[in-house]
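In: curious how this folds, go ahead:
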Amino acid sequence: MTANSLLYKDFDDHASVVADTRSAVESAFVSLVAACIDSVSAGGKILFFGNGGSAADAQHLSTELVVRYVTDRAAIAALALTTDTSALTAGANDMGFERVFARQIEALGRPGDIAIGLSTSGRSPNVVLGLEAAKTRGLTTVAFVGAHRETVERTADIVISVPSTTTSRIQEMHLLIGHALCGALERGLGLVDRT
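Out: Alright, predicted model coming up:
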């Protein structure tokens, strides 16, 4: 395959997954926005976590909320549980890597907060345990996954399931949906003009 044909194939694959994802996540997305607005309005916060590219997405999305997405406005309380190297390495060393997010949620999560775990496979043990810890503590639990949603369905109150098994396409959709969430929160919380 030539470089051009590879590029076109990726664009075509992306467009196909976008079309399939829009209708697949619409209802869950509306529920997610409402839950986040309720939480933040009541003084809660949004905790994001995941591994690898999903860790980067967690950090990216929390930054969009804390700093700004579209325009300058009041800060929205959000935190990525993927950025504290001391907590991550101590937790992994002392308790096992599968507990690195659960332990932070035990320390930082409060009833009414939102816990958003991102896992393209839908099966990452540390994300699943993080969601379980959040559920136990009274947080609203949200899973951003690909087509495999079975493992998180018992723990997540809201499942954003991208109908794909291709990691890159799932990651692209997670970021797109995450950006839509940021925009919806800015408007829903009355922090920017609704137009």
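In: isn't residue 109 right up against residue 136?
Out: No: with contact defined as C-beta atoms under 8 Å, residue 109 does not count as touching residue 136 (9.5 Å). (C-beta placed from N, C-alpha, C; glycine too.)
In: which one's more surrounded, the two?
Out: Counting neighbours by other C-beta atoms under 10 Å for residue 109 and for residue 136 shows that residue 109 has the greater number, 24 against 14.
In: so where is the chain shaky, pLDDT-wise?
Out: Scanning the chain for pLDDT under 70 picks out 194-195.
In: after the lengthiest helix in the chain, which helix or strand is next?
Out: Ranked by residue count under DSSP state H, the longest helix found in the chain is helix 3-41. Beyond helix 3-41 in the direction of the C-terminus, DSSP states H and E gives the next helix or strand as strand 46-50.
In: ok, that following strand: who's next to it in the sheet?
Out: strand 78-80 (parallel), strand 114-119 (parallel) (DSSP bridges).
In: outside of the helix or strand following the shortest one itself, list whatever touches it.
Out: Okay, so that is strand 78-80. On the C-terminal side of strand 78-80, the closest following helix or strand by DSSP H and E is helix 85-95. By C-beta atoms under 8 Å, 6 or more residues apart in numbering, the residues outside helix 85-95 that reach it are 82, 97, 99, 100, 103, 104.
In: buried deepest among the strands paired with strand 46-50, which one?
Out: Of the strands paired with strand 46-50, the one with the most neighbours on average (mean count of other C-beta atoms under 10 Å) is strand 114-119, at a mean of 30.
In: off-centre distance for it?
Out: Centroid separation for strand 114-119 versus its chain: 4 Å, with C-alpha atoms, centre = their mean, to the nearest Å.
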